[in-house]
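**Q** pasting the sequence and the predicted coordinates here, then a few questions.
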Amino acid sequence: MRRPAEIFRGLPRWYRWLTGVAAAIAVVLVISAFFLDEPLRRLVERQMNERLKGYTARVHKLNFHPIGFSLDLYDVVLVQNANPDPPVMRIERLNANVQWTALVRARLVADFEIVKPTLYINRNHLEAEEKDDVPVSEHGWQDALQAIYPLKINDFNLRDGDVTYVESGQTRPMRLSNVQAEARDIRNVRSDPGDYPSPLHVEATVFDRGKLIVDGHADFLAEPYAGVKGRVDITDIDLDYFGPVLRRSNVVVTRGTFSGKGLVEYAPKFKKVDLDELRVDGLHAEYLYQKAKAAVAKEAVKTTAKAAKEVSNDPGVVLHAREVKMTDAQVGFVNKEATPNYRVFLANTNFTIENFSNQKSEGLGHARLTGRFMGSGATLIEAVMRAENNGPDFTLNAKIENTDLRALNDLLRAHAKIDVASGVFFVYSEIAVKNGRVQGYVKPLFKDLDVYDKAQDEDKPLGKKLKEKAADAVAKVFKNRKRDEVATIAKVEGPLENPKANTWEVIVNVVRNAFFKAILPGFEREVRTGRG
């Protein structure tokens, strides 16, 4: 067998000479690249920072590969100038090179690959952004990325990414891990120009066990920002991770998972969310009323209501869900300002909305809720909703039957200054809201009412005992002797307190007013006088 040296000597002289020159040039290029690495690193870092606003980038190492004309950047760090510690982002390695397949189509573009990027955001970072006059979209992210390499990015790969958000005082950070993303044909060199020409695929693990998958297309050249359209599938997202964020609105979430799937389109001139299903399972949530925090929560509601009003019937914003479902939930209201504190809740709650939309052309939305008020009262609420035009537009029928009144004693002590030894509570209501006005009725009914109980009231002051005993005697004299019931009815009609509120805010206010302006006064009236 001939040796390689013998084979090489057997080649034509011109071929040996050309090969030698090529090898010498390659050696020179490799040696030159070694000396070019540091000047190029400084140049790339400077160009990135010239384009960034409010942030600073550092590149710890750069390798230039003259054969293939590619760059490798190592340990790229991005810090927010207002809060430099900890850094907002770290990238283990970033590779940029010529996309040689595009040269066949006479296009000179680049491939980018980012390996193990770690994005870390905390509350301080967000507060600094809120104070910054420069919008987030104008901080120069894309320009800084493009400054790394002289060719325009056409294919983009992200491998093993990690995104973490930490709320102040939060022990469990909100985290997306194992993030994989691919975007192809960003410069549209392989297809005719059109809507969303670039294939896009994203996968991630959400909060340890949840999953996120996005499959669709994008228009990365859209102005002023890229447009995306695709199928989104989210499964098993633990809601308690959002607890520290929701606490700012006085909402406490301790359990529950969230899933959803459907089509999402987000572009400069059009936004659409068309969900096949949105599902919440096993939710445990409560609203804590505290005066000190009520103003903050009220402002959050006002902001939400304003946003809902702006998108109602907006042809550029389409929101639609074929089915929204909540199963086996427990939701409550806790009044920390009353004496004593009390809690009102709905257990074993199942809630379904069908054909929910912000567009009137989509027709009527239907909602149905079942549960156990205070753990005992069989509850059924049904509503028909229309997309808002001149304010909220809906009808609501509700009934609660066989609620054990003893479960409401803390509330009765706080607002009526009495409690009950036994009794059953019912309520029936029909409400319609349209054109800024509400009309309907609330009919509470009390059965087997017994206010005074010697054993229960043994430790109470004498004056309070006498008051409750007298109330009990009056109730027994005036109750319906055939059915052992007392009842009243209250009309609910007039202009809305806030005609600019959204549908859900109005429903909450109607329920609140019905309880404190109709049901509770009805209870007090029936106990003291026995008359409707």
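**A** Looks like it arrived, so ask away.
**Q** wait, Tyr165 touches His125, no?
**A** No. Counting by Cβ atoms under 8 Å, Tyr165 does not reach His125; the two are 9.1 Å apart. (C-beta placed from N, C-alpha, C; glycine too.)
**Q** pLDDT weak spots in the stretch 251-400 of the chain?
**A** In the predicted model, the stretch 251-400 of the chain carries pLDDT under 70 at residues 292-317, 358-363, 387-390.
**Q** how about the helices in it?
**A** Secondary structure of the stretch 251-400 of the chain (DSSP state H, counting those that start in this stretch): helices located at 291-311.
**Q** what does stretch 256-265 rub up against?
**A** 210, 227-240, 271-285, 321, 329 (Cβ atoms under 8 Å, 6 or more residues apart in numbering).
**Q** separate out the buried members of the residues you listed.
**A** For the contacts of stretch 256-265, a burial check counting by 16 or more other Cβ atoms under 10 Å picks out 210, 227-230, 232, 234-235, 237-240, 271-273, 275, 278-281, 283-285, 321, 329.
**Q** who does Val252 bridge with?
**A** Taking DSSP bridges, one obtains Glu286 as the residues bridged to Val252.
**Q** before we move on, what about Asp219?
**A** Gly227.
**Q** and it, how many residues sit next to it?
**A** 20 (other Cβ atoms under 10 Å).
**Q** cool, and Gly243?
**A** Around Gly243 there are 19 residues (other Cβ under 10 Å).
**Q** shaky segments in the stretch 101-250 of the chain?
**A** 104, 106, 137, 169-171, 189-194.
**Q** quick one: the strands in it?
**A** 110-122, 153-166, 174-183, 198-206, 210-219, 227-238 (DSSP state E, counting those that start in this stretch).
**Q** partners of the second one in the sheet?
**A** This points to strand 153-166. Applying DSSP bridges, one finds strand 153-166 paired with strand 110-122 (parallel), strand 174-183 (antiparallel).
**Q** would you mark the buried spots in it?
**A** Judged by neighbour count (16+ other Cβ under 10 Å), strand 153-166 contains these buried residues: 153-156, 158-159, 161-163, 165-166.
**Q** the inter-axis angle of that strand versus strand 198-206?
**A** Counting by axes from the mean of the first three to the mean of the last three Cα atoms, to 10 degrees, strand 153-166 lies at 20 degrees to strand 198-206.
**Q** now what about strand 153-166, what contacts it?
**A** For strand 153-166, using Cβ under 8 Å, 6+ apart, the contacting residues are 99, 102, 107, 109-123, 145-146, 173-187, 189, 204.
**Q** show me what contacts Val202?
**A** Contacts of Val202 by Cβ under 8 Å, 6+ apart are 179-182, 212-214.
**Q** just flag the most distant two among these.
**A** Glu182 and Leu212 (14.5 Å; Cβ to Cβ).
**Q** how many neighbouring residues does the residue nearest to Asp132 when sequence neighbours are not counted have?
**A** Nearest residue to Asp132, sequence neighbours excluded (Cβ to Cβ, 6 or more residues apart in numbering): Gly54, at 5.9 Å. Applying other Cβ under 10 Å, we find 16 other residues in the vicinity of Gly54.
**Q** what's the spacing between Gly54 and Thr339?
**A** Counting by Cβ to Cβ, to the nearest Å, the separation of Gly54 from Thr339 is 49 Å.
**Q** and if you look at Leu52?
**A** Taken as Cβ to Cβ, the span from Leu52 to Thr339 is 55 Å.
**Q** between these two, tell me which one has more neighbours.
**A** Comparing Leu52 with Thr339 by other Cβ under 10 Å, the one with more neighbours is Leu52, at 17 against 9.
**Q** I figured that one hits Gly140, correct?
**A** Yes. At 4.8 Å, Leu52 counts as touching Gly140 under the criterion of Cβ under 8 Å.
**Q** contacts for stretch 324-333, please.
**A** 256, 275, 277-287, 289, 343-353, 356, 371.
**Q** correct me if wrong: Arg51 contacts His139.
**A** No. Between Arg51 and His139 there is no contact under Cβ under 8 Å: 9.2 Å.
**Q** and the strands in the stretch 251-400 of the chain?
**A** Ranges of strands in the stretch 251-400 of the chain, per DSSP E, counting those that start in this stretch, are 251-266, 271-289, 317-335, 342-357, 365-373, 377-386, 393-404.
**Q** output the fifth one as PDB, nothing but the C-alphas.
**A** Only the C-alpha atoms of strand 365-373 are listed here, as PDB (Å, rounded to 0.1, in the frame of the first residue of the first chain):
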ATOM      1  CA  GLY A 365     -72.400  33.700  25.400                       C
ATOM      2  CA  HIS A 366     -73.900  31.400  28.000                       C
ATOM      3  CA  ALA A 367     -72.500  30.900  31.500                       C
ATOM      4  CA  ARG A 368     -73.600  28.300  34.200                       C
ATOM      5  CA  LEU A 369     -72.300  28.000  37.700                       C
ATOM      6  CA  THR A 370     -73.100  25.300  40.300                       C
ATOM      7  CA  GLY A 371     -71.800  24.900  43.800                       C
ATOM      8  CA  ARG A 372     -72.400  24.800  47.600                       C
ATOM      9  CA  PHE A 373     -72.800  28.200  49.200                       C
END
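**Q** filter the contacts of Val202 to the buried ones?
**A** Buried among the contacts of Val202 (16+ other Cβ under 10 Å): 179, 181, 212, 214.
**Q** show the contacting residues for the last one.
**A** Val214 makes contacts with 200-203, 230-232, as judged by Cβ under 8 Å, 6+ apart.
**Q** how about it, nearest residue that isn't a chain neighbour?
**A** Closest to Val214 by Cβ to Cβ, 6+ apart is Val202, at 4.0 Å.
**Q** hey, what's the one you found bridged with?
**A** Using DSSP bridges, the bridge partners assigned to Val202 are Ala181, Val214.
**Q** distance of it relative to Gly262?
**A** 15 Å.
**Q** over to Arg322?
**A** Arg322 sits 8 Å away from Gly262, going by Cβ to Cβ.
**Q** now do Met326
**A** 17 Å.
**Q** show me the contacts for Gly54.
**A** Here Gly54 is in contact with 80-82, 128, 132, 134, 139 (Cβ under 8 Å, 6+ apart).
**Q** then His125?
**A** By Cβ under 8 Å, 6+ apart, His125 lies in contact with 80, 83, 88.
**Q** mark which of those residues are buried, thanks.
**A** Counted by 16+ other Cβ under 10 Å, those give 80, 83, 88 as buried.
**Q** quick check, nearest of the residues you listed to Pro444?
**A** Nearest member of the buried ones among the contacts of His125 to Pro444, counting by Cβ to Cβ, is Asn83, at 54.2 Å.
**Q** would you mind naming the residues that bridge with the closest one?
**A** Gln80.
**Q** skipping its backbone neighbours, what lies nearest the most centrally placed residue in the chain in space?
**A** For the chain, Phe242 is the residue whose C-alpha lies nearest the centre (Cα atoms, centre = their mean; 8.5 Å). Of all residues not flanking Phe242 in the chain, Val253 sits nearest, at 6.2 Å (Cβ to Cβ, 6+ apart).
**Q** count the residues that sit near the one you found.
**A** 19.
**Q** please apply the same query to the one 10 residues further on.
**A** In terms of burial, Leu263 registers 15 neighbours under the definition other Cβ under 10 Å.
**Q** got the buried residues for stretch 255-275?
**A** So, applying 16+ other Cβ under 10 Å, buried residues of stretch 255-275: 255-260, 262, 264-265, 267, 271-273, 275.
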